[in-house]
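> Provided below are the primary sequence and the corresponding predicted coordinates.
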Amino acid sequence: MASKPRVKVPKKAEKGEIITIKTLLSHKMESGQRKDKKGNKIPRKIINKFTCTFNGKMVFSCDLEPAISANPYFKFNARVDEPGTFEFTWVEDGGAVFSTKKKIRIG
Amino acid sequence: MHALTRRQVLGAGAGAAVVAGVGIPVSALADADETQKMIKEFAGGAAIKEGRVELDMPEIAENGNTVELGVSVDSPMSESDYVKDVIILADGNPNPGVATFHFTPLSGEASAVTRMRLAKTQNVYAVAKMSDGSVYMTKTTVKVTIGGCGG
Amino acid sequence: MGLRKMGPNKRNLAVGAVMALMTLGLGVAAQAQEMIRRIDNPPPGHPLPEIISGYEFRAPETQALQDDDFDNPGFLWVEQGEELWDEAEGKAGKSCADCHGDPAESMKTAGAEYPKWNEKLGKPINLEARINLCRTENMQAKPWKLESEQMLSMTSFVRTQARGVPVKVQIDGPMKPFFEKGKKLYYTRMGQLDMACANCHEDNYGKRIRSDMLSQGQINGFPTYRLKWQKVGSIHRRFKGCMKQVRAEPFKPGSDEFTALELYVAYRGTGLSVEAPAVRQ
């Protein structure tokens, strides 16, 4: 079972305000460095890409390596010039994509 | 009540479990040369300057599996002058790569926080590439605590 | 005593951080309530001169992770537990909510009171065992495995409802022999290193074992997100880890031995606020 991505975005902002966004995803970030009880390497399975767009335009993204901790967390900023929708996506090794959206108002 | 006084010693299994917990053979650790090579590749021939980049990490980490990393770059973040990419490298992990942040003028500020793994006490580098191609770097050393009974 | 050994600056930092959070109104409602993390005058007969939550022994960075309900990764499990609460399962077609309604009301104190006496079984049971009894008897569903994501999520969720409530377990009446059994375990030296719980957590809390700061081994923060585990884990998992570290063969999670020990260790933390999901190193 995997929980939904946790995302914290203010509900509204002043025009041109720089807001803080936080995200947290439940994920093991299996590094590919660990071995199981029998001594076999556990294959790597990590989130390798995180992106945040606003009304379709890129705000912030990150390429992740196995050195990022389990349950990857990000805190970053965004400048909000208009009302709209943030979209967050996490891409896993093998291509699975997790995503969520948050709306923001102006005023 | 025999269980109360038993003092059976764990066999090889326990030792193996402890090693697996740490999980990184020493030979697999990245070395400083590899890290420097990656910094040069990232800079793409630009001179690597000091300043403008700040790395915020604890001096001592209570556990190397989860260490908060904050990076910020001094920049107006305008359409014509902004921070494009910031690469984070660690020279004591199995591989130096940690993360590459990509900023845009819509980021508003070139700052980000995440959490990283540190296999042992080591140097962490943050290298920033600006929209004009100039490159700035900083580094910090994080001491990683070794747990009470080897854990 | 323990905190004096740690030095006054660290303590001030910790208190300062919490107060700053409150002043700025950044903490959510539950964080704003007063958390009891230190009791200077334990009740007569208590084995410790002061009762201190594990929170106080941690670095400011680790404390900060717990202080903010968004930054605290333990809430991934709390949120999963909240969803499971409403999910009907088993032949009876019931969910937790069908019997227990609003968890904020019905589970307000449960997280502070376990292990609790179970008349039918004639012994104390912990929260995990109580949840599995609900599943097998009332829901007619399969019990959850002890360290499964479901069990960790439900215990995290239920114990978070009691956040801020002082720990108080029954130790008299029928509980007495189990309390004594737990106490005996606590002081019994075990394993290749020949160490009892008390050798670290009573005799040497506030001191370093290699570079790690020893706490009193309080359990008011469980289930706890451990940076080492990179996930939430149960009290019994932590007990097992301690036993392995002294090179003893651990009891089984869910065993009567660990449940008795859990009862005794919970008593040692009498009066501390439940602070699940805590974040520890």
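Structure received. Please read these numbers as outputs of a predicted model, since none were measured by experiment.
> domains in chain B, by residue range?
Following automatic domain parsing, chain B resolves into domains at B:1-28, B:31-144.
> so which bits of chain C are right by chain B?
C:58-59, C:61-62, C:65, C:184-185, C:188-194, C:200, C:209-212, C:214, C:226-230, C:241, C:244-249, C:251, C:257, C:281 (CB under 8 Å from any CB of the partner chain). Using the backbone N, CA and C atoms, a C-beta is placed for each residue, glycine as well.
> show me which of those neighbour chain A.
Restricting these to those near chain A - CB under 8 Å from any CB - leaves C:Gln230.
> okay, and which of the residues of chain C next to chain B map to strands?
Using DSSP state E, the subset of the residues of chain C next to chain B located in strands is C:209, C:212, C:226.
> alongside chain B, which residues does chain A contribute?
A:18-19, A:31, A:33-35, A:37, A:54, A:57-70, A:72-79.
> which residue would be the closest one in chain C to chain A?
Nearest to chain A, among the residues of chain C, is C:Gln230, at 3.6 Å (CB to the nearest CB).
> neighbours around that residue, how many?
By the measure other CB atoms under 10 Å in any protein chain shown, the count of residues near C:Gln230 is 18.
> do C:Asn118 as well
Neighbours of C:Asn118 (other CB under 10 Å): 14.
> measure C:Ile39 to C:Glu275 for me?
For C:Ile39, the distance to C:Glu275 equals 14 Å [CB to CB, to the nearest Å].
> ok, now B:Thr141?
32 Å.
> show me which of these two is the more surrounded one.
C:Glu275 (27 against 12).
> isn't the more buried one up against C:Gln63?
No. Checked against CB atoms under 8 Å, the pair C:Glu275 and C:Gln63 is beyond contact range at 10.9 Å.
> shared neighbours, these two?
With contacts defined as CB atoms under 8 Å, 6 or more residues apart in numbering or on different chains, the residues adjacent to both C:Glu275 and C:Gln63 are C:Tyr55.
> please list which of the residues of chain A next to chain B also come close to chain C.
Subset of the residues of chain A next to chain B in contact with chain C: A:69-70, A:73, counting by CB under 8 Å from any CB.
> would you check how far apart the residue lying closest to A:Ile42 once chain neighbours are set aside and B:Arg117 are?
Nearest in space to A:Ile42, with sequence neighbours left out and distances taken as CB to CB, 6 or more residues apart in numbering or on different chains, is A:Arg34 at 4.9 Å. Between A:Arg34 and B:Arg117 the computed distance is 11 Å (CB to CB).
> when those two are compared, which one has more neighbours?
Neighbour count, other CB under 10 Å: between A:Arg34 and B:Arg117, B:Arg117 has more, with 27 against 16.
> what's that one sitting at in phi/psi?
Main-chain torsions, B:Arg117, degrees, to the nearest 10: phi -100, psi 140.
> again with A:Arg44
The phi/psi pair for A:Arg44 (degrees, to the nearest 10) is phi -60, psi 130.
> before we move on, which element is the residue found closest to it once you drop the neighbours it is linked to in the chain in?
Closest residue in space to A:Arg44, ignoring its immediate chain neighbours: A:Gly32 at 2.9 Å, by CB to CB, 6+ apart. Taking DSSP states H and E as the definition, A:Gly32 sits outside all helices and strands.
> A:Gly32: what's it in contact with?
Applying CB under 8 Å, 6+ apart, the residues near A:Gly32 are A:41-46, A:66.
> ok, now C:Thr160?
Contacts for C:Thr160 (CB under 8 Å, 6+ apart) come out as C:30, C:78, C:81, C:111, C:276-277.
> among these, name the buried ones.
Listed as buried from the contacts of C:Thr160 are C:78, C:81, C:111, C:276-277; burial here means 16 or more other CB atoms under 10 Å in any protein chain shown.
> specify which member of these is nearest to C:Met154.
Within the buried ones among the contacts of C:Thr160, the smallest distance to C:Met154 is 4.8 Å, found for C:Gly81 (CB to CB).
> and the closest one, that's in a helix?
Yes. Checked against DSSP: H, G, I helix; E, B strand; the rest coil, C:Gly81 lies within a helix.
> what about the closest residue to it other than its chain neighbours, which helix or strand?
In space, and not counting its chain neighbours, C:Gly81 is closest to C:Phe157: 2.5 Å by CB to CB, 6+ apart. Using DSSP H and E, C:Phe157 sits in helix C:149-161.
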